[in-house]
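S.K.: everything below, folded, please.
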Amino acid sequence: MSKLQRDHLMNLALIRHLEVYEDQVSLEITKLVSHVLNIHHIFNCRFAATKPESDEWDMLPNSWFEKLQVENYRTTLSLLEQSETDLEKRFNFLFSVLEHNTYHRAQIIMKLKQDGIPLPNLTLLVLEE
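M.R.: Sure thing, here's the model as predicted:
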């Protein structure tokens, strides 16, 4: 399993977990998830030299989260596979996506804990099943 695929599965698991507790999820968590999805989209657009459809902090409806996560993941895979750019630029692009997702996923989990919402199980073995 690639790091990108693992990151994707963790984001999907987190999004699905948030759906279960939707009535308890704070606006702050919704903003953070929206931000993660927006930035991933923006990174994809920068790499592809296209104009993004959203800004960094645009609020997204919770019902779009899973669809956008899948779309971002597939776009990133496609860009990396089809790219003729040098390896270092592809590496920096991928690293930026993974680092940003990881940072904010940790923030979201900390906020869930502070808010008394059960935490998702994001261990690799569970995600692979």
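S.K.: so in this structure, which helix runs the longest?
M.R.: Secondary structure of the chain per DSSP state H: the longest helix is helix 87-114.
S.K.: quick one: average pLDDT of that one?
M.R.: Mean per-residue pLDDT for helix 87-114: 95.
S.K.: now do the buried residues in that helix.
M.R.: Buried residues in helix 87-114, counted by 16 or more other Cβ atoms under 10 Å: 90, 93-94, 97-98, 100-101, 104-105, 108-109, 112. Yep, even glycine has a C-beta here, placed from its N, CA and C like the rest.
S.K.: try stretch 115-122
M.R.: For stretch 115-122, by 16+ other Cβ under 10 Å, it's 117, 120, 122.
S.K.: give me the nearest residue to the last one, chain neighbours excluded.
M.R.: With Cβ to Cβ, 6 or more residues apart in numbering as the measure, Met10 is the residue that lies nearest to Leu122, at 5.0 Å, once sequence neighbours are left out.
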